[in-house]
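Trainee: Here's my sequence, what's the structure:
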Amino acid sequence: MKRNPKLRGIPVFNFIQEGVEAAAEASDFIIQKDQGSFEDYINKKAKELDHYILAIEKGDDVSYAAGEVHLVLAESDQFYLDAEFYFKDKAAKWVKKAVRGKAINIAWAFTQEYQQAIKEKKKITFDYERPTPC
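Mentor: Residues are numbered from 1 along each chain as shown. As a prediction, this is how the structure comes out:
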């Protein structure tokens, strides 16, 4: 925030300016606290993904066989999670289910190293193993 020389020395303005600067520092700290690797991000999403897989197995009477989770660069500073899961039904036919997350800012999820990696590679893929039922 630029300081206006005409307002310098006005107590209320200084108080507001200090509050804005403190809020910016706090938001940077909160974002950095949640940053990690690609694996960290997928591990944070694993509970939701596992629940989705187990619900499909139960609801569609299929058995999970394999899956992939992709972290995809959407725009220069955003990415989304895209997952493809493969099941077999009782007749041994393949059933594919896909899920896509909303796009979020890469700085909210990844450290600088991983932000650079996803910008370069555009798509990061991981195999996804069968979850253990609770």
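
Trainee: alpha carbons only for contacts and neighbour counts from here, please
Mentor: Fine.

Trainee: Give me the next element, helix or strand, following the helix or strand bottoming out on mean pLDDT in the chain.
Mentor: One helix or strand of the chain scores below all others by mean pLDDT, DSSP states H and E: helix 11-34, with a mean of 54. Toward the C-terminus, helix 11-34 is succeeded by helix 38-60 as the next helix or strand (DSSP states H and E).

Trainee: Which other helices and strands does that next one contact?
Mentor: Judged by 3 or more CA pairs under 8 Å, 6 or more residues apart in numbering; DSSP states H and E, helix 38-60 is in contact with strand 63-75.

Trainee: what angle separates the strand it packs on from helix 38-60?
Mentor: Counting by axes from the mean of the first three to the mean of the last three CA atoms, to 10 degrees, strand 63-75 lies at 130 degrees to helix 38-60.

Trainee: So for whichever helix or strand comes after strand 63-75, mean pLDDT?
Mentor: Using DSSP H and E, the helix or strand that follows strand 63-75 in sequence is strand 78-88. Across strand 78-88, pLDDT averages out at 97.

Trainee: Repeat that for stretch 47-57.
Mentor: The average pLDDT within stretch 47-57 is 95.

Trainee: Over to stretch 109-126?
Mentor: 96.

Trainee: starting at the chain centroid, how far to that stretch?
Mentor: What separates the centre of stretch 109-126 from the centre of its chain is 11 Å, taken as CA atoms, centre = their mean, to the nearest Å.

Trainee: And it, end to end?
Mentor: 17 Å (CA to CA, to the nearest Å).

Trainee: list the buried ones in it?
Mentor: Using 16 or more other CA atoms under 10 Å as the test for burial, stretch 109-126 gives Ala109, Phe110, Thr111, Tyr114, Gln115, Ile118, Lys119, Lys122, Lys123.

Trainee: and which of these is nearest to Glu68?
Mentor: Nearest to Glu68 among the buried residues of stretch 109-126, counting by CA to CA, is Lys123 at 11.9 Å.
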